[in-house]
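I need the structure of the sequence given here:
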Amino acid sequence: MQSQSSHWFGLPKMLFWGYIAIAIFMSGDGFEMAFLSKHITDLGFTPAQSALVFTVYGFAAALAAWSSGVVAEIITPQKAMKIGFVMWVIMHALFMTLGLGLKSYPLMLLFYGIRGLAYPLFIYSFVMLIVQTVPKQQVSSAMGWFWAMYSIGIGCVGSYLPSFTIPAIGERGTLWFAIAWVMMGGLIAMFCLRHVGGESEKANLSTKEKITELTRAVTILYTNKNIFLACLIRIINTISLFGFAVIMPMLFVGRLGFTMPEWLQIWAIFFFVTIFTNIMWGVLGEYIGWMRQVRWFGCIGCAIASLMFYYLPVTYGHNFWVAAIPAVVFGITVAAFVPMTAVFPALEPHHKGAAISIYNLSAGLSNFVAPAIASVALPFVDIEGVVWIYTGLYLFAAVLTVIIKVDQPARESLTQPKQNAAYEDALDPL
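Residues are numbered from 1 along each chain as shown. Sure, this is the predicted structure:
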């Protein structure tokens, strides 16, 4: 176990500036999350076209999330983070100038889509650096800090700060301002993590062996039914999170009379709550039971929260505090999926790396599926119908939790804390 001098309450000192870099980088990446969809429609594009932009972005992010662990392992996490950082800055500048600037829909799809490869490569490569450098018994707490920094960045600062910058410098100016944050985070990572960790063990693999490493994370979906079902649950986990970022600005700002800063502050409340609930559910899951918690508090809870997110503001109109209620409830329930990180390696104990790769893939696919559903369904069932589709998917996931069979040492931890290796991975983001 690490000595007290090498970490602060589970935060590894050697990686301190890496955590700061993640928070700053994801702040810049999150600036656009809650208003870009409406900004695109304000340029004259349809809601379905706007949703398709995010769908392409989400597909690229899913690919990057799936491959980033293997890529970081092969070329070193620091080099992978540098690639992600540089790619983000260049593609964002091209998206702003040639995509939004020229109102060119094909170029918007192209450059924003390619930019979708960048942030997963940056943040998930840092996760690999955590796994490589932190003792096994400290990985769980180290990951807890990682997801806290992630939520602070993309959720709190990324959503709250634009509510002040948009009135001051406009939406376009806020999008440009994001580059400064991403560059700051990227440069901190480049200079402060240079001497952390060692040479990758897999750097000298042949090309064929590297391809084998990459493809193993796909074949496991066919050989393990429970992994496949867990993958579906993890996709559904954050489907409202990514979906609501696309459709709710159209509802709150476009129809109910909320200002864009008000909507961004409501969205920031949701992320602020998840900072604490991620840690809370990570502990409670050990006593309640992994799948039991995911079923009742995650799946059923998110189904209820999703409906509240639509019907409360629609019923009470332009009332900030009423609209903040479902944001708090959603922040509580979406974090109840925390034990899924422990479930994946427990389902495939002999291939934990491949299992975690599938977890990353499913997390990324959620970013793709959510706006894809909105893009296809909006012309037919409007915003209300999309919300009901998301709700139905959460109920479907609840059924899947009954089918999956996994050892759940829920009460064992009372007398034998953390004897099961799966506990080392129990903390997770949303």
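
which element follows the least confident helix or strand in the chain by mean pLDDT toward the C-terminus?
When the helices and strands of the chain are scored by mean pLDDT, DSSP states H and E, strand 7-8 comes last with a mean of 67. Per DSSP states H and E, the first helix or strand lying C-terminal to strand 7-8 is strand 11-12.

what's the spacing between the helix or strand where Ala268 lies and its chain's center?
Following DSSP H and E, one finds Ala268 within helix 260-288. From the chain centre to the centre of helix 260-288 is a distance of 13 Å (C-alpha atoms, centre = their mean, to the nearest Å).

Phe244 and Arg234: what is the separation?
Separation of Phe244 from Arg234 (C-beta to C-beta, to the nearest Å) stands at 18 Å. Just so you know, the C-beta spots here come from the backbone N, C-alpha and C atoms, and that holds for glycine as well.

same check on Ala327?
Distance from Ala327 to Arg234, by C-beta to C-beta: 22 Å.

the two - which one has more neighbours?
Between Ala327 and Arg234, counting by other C-beta atoms under 10 Å, Arg234 is the more crowded of the two (26 against 23).

surely the more buried one touches Gly364?
No. The criterion here is C-beta atoms under 8 Å, and Arg234 misses it with Gly364 at 9.9 Å.

ranges for the helices of the stretch 251-400 of the chain?
260-288, 290-293, 301-316, 320-334, 340-347, 352-403 (DSSP state H, counting those that start in this stretch).

ok, of those helices, where does mean pLDDT dip lowest?
The stretch with the lowest mean pLDDT among the helices of the stretch 251-400 of the chain is helix 340-347, at a mean of 79.

hmm, back to that, among the helices of the stretch 251-400 of the chain, which is nearest Ile154?
Ile154 sits nearest to helix 260-288 of all the helices of the stretch 251-400 of the chain, at 7.1 Å, using C-beta to C-beta.

tilt between the closest one and helix 301-316?
Using axes from the mean of the first three to the mean of the last three C-alpha atoms, to 10 degrees, the inter-axis angle of helix 260-288 relative to helix 301-316 is 150 degrees.

model confidence for Glu201, exactly?
At Glu201, the model reports a pLDDT of 58.

so what's Phe242 up against?
By C-beta atoms under 8 Å, 6 or more residues apart in numbering, Phe242 lies in contact with Phe54, Gly58, Ser366, Asn367, Ala370, Pro371.

try 7 Å this time
Residues near Phe242 by C-beta atoms under 7 Å, 6 or more residues apart in numbering: Gly58, Ser366, Asn367, Ala370, Pro371.

again, but for Lys405
Asn226.

phi, psi of it?
Note on Lys405: its backbone torsions stand at phi -110, psi 120 [degrees, to the nearest 10].
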